[in-house]
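**Student:** What follows is a predicted structure for the sequence shown.
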Amino acid sequence: MSQKKPKKLFNKLVVFVKPTWGAHPENVKIIYEHVIEPIIHYAAGIWSAALKYKHVTNKLLSLQRLFAIKIIQGFRTISTATSISLAQLTPLPAKILAVADIELSKLRGFSRFLPSDTPLERPSPPSNLLHPALRTGVRFSEVTDLTELDATSRSDTTEIYTDGSKHDGRVGAAFIVLQPHGSPIIKRFRLHDCCSVFQAEMLAIDGACAWAIQNKIPQTRILSDSLSGLTELTNPNSCNHFAVSIFRSVHAAWEMGLVIQFAWVKAHVGIPGNEIADSAAKTAALLHRRPDYLHTPISYIKHENSLLTKQAARELYGRCTHILGLFPDLQNLTDYLKTIKPYFAITQSLTNHGYHKSYLFRFKITENDLCPCDNQSSQTLEHLIVKCPRFASTRLSHSIAAGNLPELFEIPFIMSRPETIKTYHRHISYIIKQLKSFNSLIP
Ligand SMILES: [Zn+2]
């Protein structure tokens, strides 16, 4: 891990990032996430073990704090926890552990989240792929209702509906064969609980192809409601384990003089085959037998890692002080920041680190904390927002917008109405803009 490079970049960045002018904070965040962070977690899989040392995680967090403060245009006195939470960044140590885990999973098939009874699903090795000259991918038509189904169905074609399902942590797949002459055949498969719906959908399509070949069906149409699965199959170079197997089946069928076609069928529009496949997949998920397929997808590992990084962000947020009183949990803060970005004025109002005299007095920048409006009241942010007569005009517009209700300065109330969000932020921005000259800090 090198801290020198990110620090150097930070020093270059600060030249054109100032609290009230310079690069837009949103751009600073983009630069941080897409340039700085990848430099820091480069080859994380190799050195992430160092994160067990407290001094390493602390160093990373203080490095991240430098960028976070620039993103929120905050004062340099803001704590690590508050600045990172307000900038809505993933705490670096947790992020690095996640990147390292995903990296190791891809390289060695090992992850801290991999259940002991399942291996990781890996991309097919190039030796398993069809020869490049034979790779064509598959095309699929679309069936969106019963009329289209009737118009495209042919009496000489066997239709196979496939479906996958994940419900209450159980995963199943099924296909149903509707033969022109003869009774329907239903095949069910159970997948390991870690598997995804995508895997279930692909397993069903793969199973349908194998069945058509085994039974030497001259004309087969496979109808799936999985657009993502069929789209994956349009990529002739896909290394997805199922896609490769399906390509091989389609090619083998062609060599045997059989035809397998594909169609995407819209789900839940009353197409009987799709409905039967859907309920068969659901019952397949509940089968009491060893899973027919048990490879964990990389998406599961990514998901588990993202849960852990979110947990780390919540834990860091728990170390905040002032802001925790305004928003009891990180989700409340995130919702609030969706309505307004934490720029200069807003950051001051949320962190209590700003130009108001109670803060300046605390850091011994002024001789007292008295507000010039009466030279008696302590000039806290609350005084400025709720009481100070100097800012009566913007306060009045806000209170009119809030219908003069008593909770007009409470954040949940403000957030519930778009017009109060606007007037409240105008009020705060005006206070912060005028505060320096009001306190005669500038001539
Ligand atoms: Zn005042």
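**Tutor:** Structure's in. What do you need? No experiment lies behind these values; they were computed from the predicted model shown.
**Student:** Could you check how many residues crowd around Lys187?
**Tutor:** For Lys187, the neighbour count with other C-beta atoms under 10 Å is 19. The C-beta positions use only the backbone N, C-alpha and C, and glycine is treated the same way.
**Student:** quick one: contacts for it?
**Tutor:** Residues in contact with Lys187 (C-beta atoms under 8 Å, 6 or more residues apart in numbering) are Ala174, Phe175, Ile176, Val177, Gly207, Trp211.
**Student:** before we move on, what about Glu159?
**Tutor:** Ser153, Val177, Leu178, Thr220, Arg221, Leu223, Gly273.
**Student:** cool, Ala204 as well?
**Tutor:** Per C-beta under 8 Å, 6+ apart, neighbours of Ala204: Thr162, Asp163, Gly164, Ala173, Ala174, Phe175, Phe189, Ser224, Ala277, Ala281.
**Student:** Mind picking the two most distant members of these?
**Tutor:** Phe189 and Ser224 (14.3 Å; C-beta to C-beta).
**Student:** Now Leu350: closest residue in space that isn't a chain neighbour?
**Tutor:** Ile323 (5.6 Å; C-beta to C-beta, 6 or more residues apart in numbering).
**Student:** Give me the buried stretch members for stretch 320-338, please.
**Tutor:** Cys320, Ile323, Leu324, Leu326, Phe327, Leu330, Leu333, Tyr336, Leu337 (16 or more other C-beta atoms under 10 Å).
**Student:** Quick check: mean pLDDT of it?
**Tutor:** Averaging pLDDT along stretch 320-338 yields 91.
**Student:** Residue numbering should commence at 585 henceforth.
**Tutor:** Sure, I'll start numbering at 585, so the last one becomes stretch 904-922.
**Student:** chain center to it: distance?
**Tutor:** 19 Å (C-alpha atoms, centre = their mean, to the nearest Å).
**Student:** first vs last residue of it, how far apart are they?
**Tutor:** End-to-end distance for stretch 904-922: 20 Å, by C-alpha to C-alpha, to the nearest Å.
**Student:** what sits up against it?
**Tutor:** Residues outside stretch 904-922 that contact it (C-beta under 8 Å, 6+ apart): 663, 665-666, 669-670, 672, 897-898, 901-902, 934-936, 995, 999.
**Student:** before we move on, what about stretch 1000-1012?
**Tutor:** By C-beta under 8 Å, 6+ apart, the list of residues contacting stretch 1000-1012 reads 923-924, 929-930, 933, 969, 975, 978-979, 981-982, 984-986, 992-993, 997-999.
**Student:** Can you tell me which of those end up in helices?
**Tutor:** Under the assignment DSSP state H, the contacts of stretch 1000-1012 contribute 923, 929-930, 933, 978-979, 981-982, 984-985, 997-999 to helices.
**Student:** Can you tell me the number of residues neighbouring Ile668?
**Tutor:** 27.
**Student:** any idea which element it lies in?
**Tutor:** In this assignment (DSSP states H and E), Ile668 forms part of helix 664-670.
**Student:** Could I get the buried residue list for that helix?
**Tutor:** Thr664, Ala665, Thr666, Ser667, Ile668, Ser669, Leu670.
**Student:** Widest-spaced pair of those?
**Tutor:** Thr664 and Leu670 (11.1 Å).
**Student:** which residue does the stretch 585-734 of the chain bring closest to the ion?
**Tutor:** Phe659 (20.8 Å; C-beta to the ion).
**Student:** doesn't Gly938 make contact with that residue?
**Tutor:** Yes. With contacts counted by C-beta atoms under 8 Å, Phe659 reaches Gly938, the gap being 6.9 Å.
**Student:** list residues touching both of the two?
**Tutor:** Joint contacts of Phe659 and Gly938 (C-beta under 8 Å, 6+ apart) are Gln932.
**Student:** next one: phi and psi at Pro699?
**Tutor:** Main-chain torsions, Pro699, degrees, to the nearest 10: phi -60, psi 150.
**Student:** could you point out which element follows the host helix or strand of Val828?
**Tutor:** Using DSSP H and E, Val828 maps to helix 825-839. Later in the chain than helix 825-839, the nearest helix or strand by DSSP H and E is strand 843-849.
**Student:** In ChimeraX, select just the buried ones from the ones in helices among the contacts of stretch 1000-1012.
**Tutor:** Filtering these down to the buried ones (16+ other C-beta under 10 Å) takes a single ChimeraX command:
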select :929,930,933,978,979,982,985,998,999
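**Student:** Can you lay out the ones in helices among the contacts of stretch 1000-1012 as CSV showing distance to the ion?
**Tutor:** Output for the ones in helices among the contacts of stretch 1000-1012, formatted as CSV (distance: C-beta to the ion, whole Å):
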residue, distance to the ion
Thr923, 27
Ala929, 17
Ile930, 20
Ser933, 16
Thr978, 14
Arg979, 11
Ser981, 18
His982, 17
Ile984, 21
Ala985, 22
Phe997, 23
Ile998, 21
Met999, 26
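**Student:** just curious, which of the ones in helices among the contacts of stretch 1000-1012 is nearest to Ala633?
**Tutor:** Among those, and counting by C-beta to C-beta, the member closest to Ala633 is Ile930, at 39.3 Å.
**Student:** Please name the spatially closest residue to the closest one (chain neighbours excluded).
**Tutor:** Here the residue nearest Ile930, using C-beta to C-beta, 6+ apart, is Ile924, at 5.6 Å.
**Student:** Can you tell me how far Pro944 is from Phe659?
**Tutor:** For the record, residue 944 is Leu, not Pro. Going from Leu944 to Phe659 by C-beta to C-beta, to the nearest Å gives 11 Å.
**Student:** how many neighbours does the residue of the stretch 585-734 of the chain closest to the ion have?
**Tutor:** 19.
**Student:** Who are the contact partners of the nearest residue to it once chain neighbours are set aside?
**Tutor:** Nearest non-adjacent residue to Phe659, counting by C-beta to C-beta, 6+ apart: His937, 4.1 Å away. Residues in contact with His937 (C-beta under 8 Å, 6+ apart) are Gly658, Phe659, Thr661, Ile662, Thr931, Tyr943.
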